[in-house]
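# sequence and computational prediction follow.
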Amino acid sequence: DAGITQSPRYKITETGRQVTLMCHQTWSHSYMFWYRQDLGHGLRLIYYSAAADITDKGEVPDGYVVSRSKTENFPLTLESATRSQTSVYFCASSDAGGLDDFGPGTRLLVL
Amino acid sequence: QKEVEQNSGPLSVPEGAIASLNCTYSDRGSQSFFWYRQYSGKSPELIMFIYSNGDKEDGRFTAQLNKASQYVSLLIRDSQPSDSATYLCAVRGSAGGGNKLTFGTGTQLKVEL
């Protein structure tokens, strides 16, 4: 089925560990985004990508790394997880027309 | 000042009434405006978008945009209990901004029987 998938859907890790959240879209949308959602802050943009091999920082990029070697994939890596990175992470994609579609989210708990 | 502001609510309306959700934004160069609905534990779902001043209607939903006042609203007519959710206002900024959306923190709507 067409759409956006995220994996894992739930993840528990410990501080200091590296964690990679996966995002895959089947629409061949050029734009992809990573957001985190926390109570009181709403959705905040971490990183985004306009095309393969083009990425840029969003509002809260510190502690995260992204790559986009293929149009359909946009993994997000927490290089050394901290408790403050406990959150719900959403991946989204859009074409140039700009109607964003969101994945189901990954719930991350950092102990 | 937050770039996109919404009243967090909860906004409670009786079933069948009109729910009015409001949003203000700070970037005068903003070009497109979106309303997402998010049920608890789920991902945001796009329900309306508007680009030009005025009203845009889709079924029970009407989006209203006033760029001079930097104000966007969403009206939900004949509110149903299934409309109970958090509604997120999002704004896409000036051209060249990488298609990024800036979200408000959302308004929780409760439709009571």
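Nice, I can see it.

# OK, contacts around the residue lying closest to A:P8 once chain neighbours are set aside?
Of all residues not flanking A:P8 in the chain, A:T106 sits nearest, at 6.2 Å (CB to CB, 6 or more residues apart in numbering or on different chains). All C-beta spots, glycine's among them, are computed from the backbone N, C-alpha and C. By CB atoms under 8 Å, 6 or more residues apart in numbering or on different chains, the residues touching A:T106 are A:Q6, A:S7, A:P8, A:R9, A:Y10, A:K11, A:L21, A:V88, A:Y89, A:F90.

# may I see the PyMOL selection of the buried members of the residues you listed?
Applying 16 or more other CB atoms under 10 Å in any protein chain shown to those, the buried members can be selected in PyMOL as follows:
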select buried, chain A and resi 6+11+21+88+89+90
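
# any idea which of the contacts of A:T106 is closest to chain B?
A:F90 (5.8 Å; CB to the nearest CB).

# check contacts around that closest one.
Applying CB under 8 Å, 6+ apart, the residues near A:F90 are A:Q6, A:W34, A:Y35, A:R36, A:Q37, A:L43, A:F102, A:G103, A:G105, A:T106, B:S43, B:P44.

# and it, what element?
Applying DSSP states H and E as the criterion places A:F90 in strand A:87-94.

# next secondary structure after that strand?
Next along from strand A:87-94, by DSSP H and E: strand A:101-102.

# and that following strand with chain B, contact?
Yes. Applying CB under 8 Å from any CB of the partner chain, one finds strand A:101-102 in contact with chain B at A:D101, A:F102.

# poorly predicted segments of chain A, please.
Confidence mapping of chain A against pLDDT under 70 gives the ranges A:1-2.

# quick one: residues contacting the closest residue to A:S69 other than its chain neighbours.
In space, not counting the residues next to it along the chain, A:S69 is nearest to A:A52; the distance is 6.5 Å by CB to CB, 6+ apart. A:A52 is in contact with A:R68, A:S69, A:K70, A:T71, counting by CB under 8 Å, 6+ apart.

# now check the lowest-mean-pLDDT helix or strand in chain B, is it near chain A?
When the helices and strands of chain B are scored by mean pLDDT, DSSP states H and E, strand B:101-103 comes last with a mean of 91. Yes. Part of strand B:101-103 sits near chain A under the criterion CB under 8 Å from any CB, namely B:L101, B:T102, B:F103.
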